[in-house]
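J.: Here is a sequence together with a model predicted from it:
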Amino acid sequence: MSTQLVETPIVVETATPRLSVRDLRVGFAKGGQTRQVVHGVTFDLGPGRCVAIVGESGSGKSVTARTLVGLTGADAVVEAASIMLGDADLTAQTDRTWRGIRGRRIGFVQQDALVSLDPLRPVGAEIGEALRLHGWNDRVARRRKVVELLASVDVPNPELRASQRPGELSGGLRQRALIASALALDPEVIIADEPTTALDVTVQAQVLSLLHDAKVRGTSIILISHDLSVVANLADDILVMRGGEVVEQGDAAAVLASPQHPYTQSLVDAVPGGHTRGERLAPQASTVPNLHLARSHSADQGAFDQGAVDHGAGGRGEPVLVARDLVKNFVTPDGRLTRAVDQVSFTLHRGETLGIVGESGSGKSTTARIALALETADAGEVALLGQPWSAISEPRRRALRPRIGVVYQDPLSSFDPRWNVERILLDAIPADLGLNRAQRVQRVRDLLAQVALPAVVAERFPLRLSGGQRQRIAIARALATSPEILVLDEAVSALDVSVQAQILDLLVDRQDEYGLSYLFISHDLGVIHHMSDRVLVMKDGVVVEEGESDQIFHAPAHPYTQELVASLARLEG
């Protein structure tokens, strides 16, 4: 199939399309009016093929997916020229008949396994329920089938895992359990809605491998995603959606290699990785005011011996954050002692980005919290700008705290929902700057401009902002103290690709302008490679490898790093 713009959509006419969708339109009725959210989606899906529906939040891709399993909701208005699953007309189904189709003929895998699975039921009972509802065999046979299904999706010790509740499993195991449930009755079609979002790179690779294996066996797959790197590794055909419309569709390789629509091109350009290092991911932002006010701080450069952990910076700036031999233990709920951080050392230099990468449970976020002095290490020490940091009392830290800021993944949880943006930022501006009320309000406006937001946003409350806007406010709040160091803990992992691109460009701009140093924590290897000068790779609390970014990604030395890099989904497929 060649790449086509949406004005003349091309549909592959296979001899026997398993699923055929023609002119699908979906709206939602409210107050006597219908708001249209999906406009005329058309495609065919054959056996052993994967169609990817790509787009950002609000594009209509998930509504399209849920419509195809009859889950759009009571207020949905669904219209189509036809939606055929084999000889079954999906536009003519009732709630009762849909229950016979879901699971048996169409499997559905959602993004958030923790929400999708009943937290009070063992995983095995959840999977077995899908079999029971469709009258599959007896209870003993169903139990045996559940274990076989979990084993088939590479869940280790499936007998034990079947007896555990979702909260006792990792995110990757929960996602695999969802896939096992979707595969239980060997459906003709699987719809996977953002099945790898927020998963570690190796777990993501495992989930994609499971879907690939199902495709090889002849299962038809609809993959919903905003991640073009994921799409490139599985999809045969792509539909690109924006504002409820398909703006481009065609052969996956052709669309990704030579996108015809400007929106598709912007999505491709926004994917970070080694090939984008030193380049902008989004269109150039407008000029913003310089508001990094000088602060007078004294620093006793001899207060901490950095020589033992300075890894030879060469032409880099002076060390601004130094950690030496950090150790942190935790007691698990069953009373066992576990070491989350084990002899971790690093040096962050002025104007540098040091990436810390690792999977869930690797210790990277605990390391960040110790660096921020929000967690107390059991051993080791941290110095900030040449001064003792972890070893002093909190009252003594207060003078230094403005010089190190933090941006988390979920800023909404750190905002007071009763405060508007202006009050959130006013609260972050240090009192010792000596600004009067008018000057403080102006600084809020300048901070908003600094993160490319209009002044009117100051009047809004966090719940009325998009995810990207909230993250910009979180960055503005971190900049309010004129810090020299920012710790960014999964700061872009929950954002759509183009919004992520804008935030990453924004961070690079502020770093170039002010000489900021970033401690950048992420499980996203593409983001780490794009942003970082040097990289620490962590596994089970230990730094297993450290080096220049290109060296880590192009010539990894440690087997675990090699595994991570090999698992990285790449746009080139």
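T.: Great, that's in hand. Here the structure is a predicted model, which is why all the values come from computation and not from measurement.

J.: Flag every buried residue along the host helix or strand of residue 264.
T.: In this structure, residue 264 sits in helix 262-269 according to DSSP states H and E. For helix 262-269, a neighbour-count test (16 or more other Cβ atoms under 10 Å) marks 263-264, 266-269 as buried. All C-beta spots, glycine's among them, are computed from the backbone N, C-alpha and C.

J.: Skip ahead from that helix and say which helix or strand is next.
T.: strand 319-331.

J.: Show me what that following strand is packed against.
T.: Applying 3 or more Cβ pairs under 8 Å, 6 or more residues apart in numbering; DSSP states H and E, we find strand 319-331 packed against strand 337-349, helix 364-371, strand 379-384, strand 517-522.

J.: next one: that strand to chain centre, how far?
T.: Here strand 319-331 is found 26 Å from its chain centre; the criterion is Cα atoms, centre = their mean, to the nearest Å.

J.: pLDDT averaged over it, what's the number?
T.: The predicted model assigns strand 319-331 a mean pLDDT of 96.

J.: Show me which residues of it are buried.
T.: Buried residues in strand 319-331 (16+ other Cβ under 10 Å): 319-324, 326-328.

J.: Looking at these, spot the one nearest residue 433.
T.: The nearest member of the buried residues of strand 319-331 to residue 433, counting by Cβ to Cβ, is residue 320 at 21.5 Å.

J.: What lies in contact with the helix holding residue 264?
T.: 54, 56, 228, 240, 242, 247-248, 255-256, 259, 281-282, 497-498, 501, 571 (Cβ atoms under 8 Å, 6 or more residues apart in numbering).

J.: List the ones among those residues that fall in helices.
T.: 228, 255-256, 497-498, 501 (DSSP state H).

J.: give the contact list for the closest residue in space to residue 406 that isn't next to it in sequence.
T.: Counting by Cβ to Cβ, 6 or more residues apart in numbering, residue 487 is the residue found nearest to residue 406 once chain neighbours are left out, at 4.6 Å. Contacts for residue 487 (Cβ under 8 Å, 6+ apart) come out as 368, 371-372, 404-407, 518-519, 521.

J.: Remind me which helix or strand residue 487 belongs to.
T.: strand 485-489.

J.: could you pull out the strands for the stretch 351-500 of the chain?
T.: 353-357, 379-384, 387-388, 404-408, 485-489 (DSSP state E, counting those that start in this stretch).

J.: Which strands or helices does the second one pack on?
T.: Yep, that's strand 379-384 we're talking about. Using 3+ Cβ pairs under 8 Å, 6+ apart, strand 379-384 is in contact with strand 319-331, strand 337-349.

J.: one more time with 10 Å
T.: Packing partners of strand 379-384 (3 or more Cβ pairs under 10 Å, 6 or more residues apart in numbering; DSSP states H and E): strand 319-331, strand 337-349, helix 364-371.

J.: May I see the buried residues of it?
T.: 380-384.

J.: Which of the helices and strands packed on strand 319-331 sits closest to residue 43?
T.: Judging the helices and strands packed on strand 319-331 by Cβ to Cβ, what sits closest to residue 43 is strand 517-522, at 33.8 Å.

J.: so how far is that closest one from its chain's centroid?
T.: So, by Cα atoms, centre = their mean, the centroid of strand 517-522 is 16 Å from its chain's centroid.

J.: Check stretch 159-166 too.
T.: 26 Å.

J.: what's the answer for stretch 101-117, then?
T.: 20 Å.

J.: Is there a neighbour count for residue 138? I'd like the number.
T.: 8 (other Cβ atoms under 10 Å).

J.: quick one: contacts for it?
T.: residue 132 (Cβ atoms under 10 Å, 6 or more residues apart in numbering).

J.: Run the angle between the strand holding residue 487 and strand 379-384 for me.
T.: 130 degrees (axes from the mean of the first three to the mean of the last three Cα atoms, to 10 degrees).

J.: just to revisit the earlier point, turn the helices and strands packed on strand 319-331 into CSV, including distance to residue 544 and mean pLDDT.
T.: Shown next, in CSV, are the helices and strands packed on strand 319-331 (distance: least, Cβ to Cβ, whole Å; pLDDT from 0 to 100):
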stretch, distance to residue 544, mean pLDDT
strand 337-349, 11, 96
helix 364-371, 12, 95
strand 379-384, 18, 97
strand 517-522, 16, 96
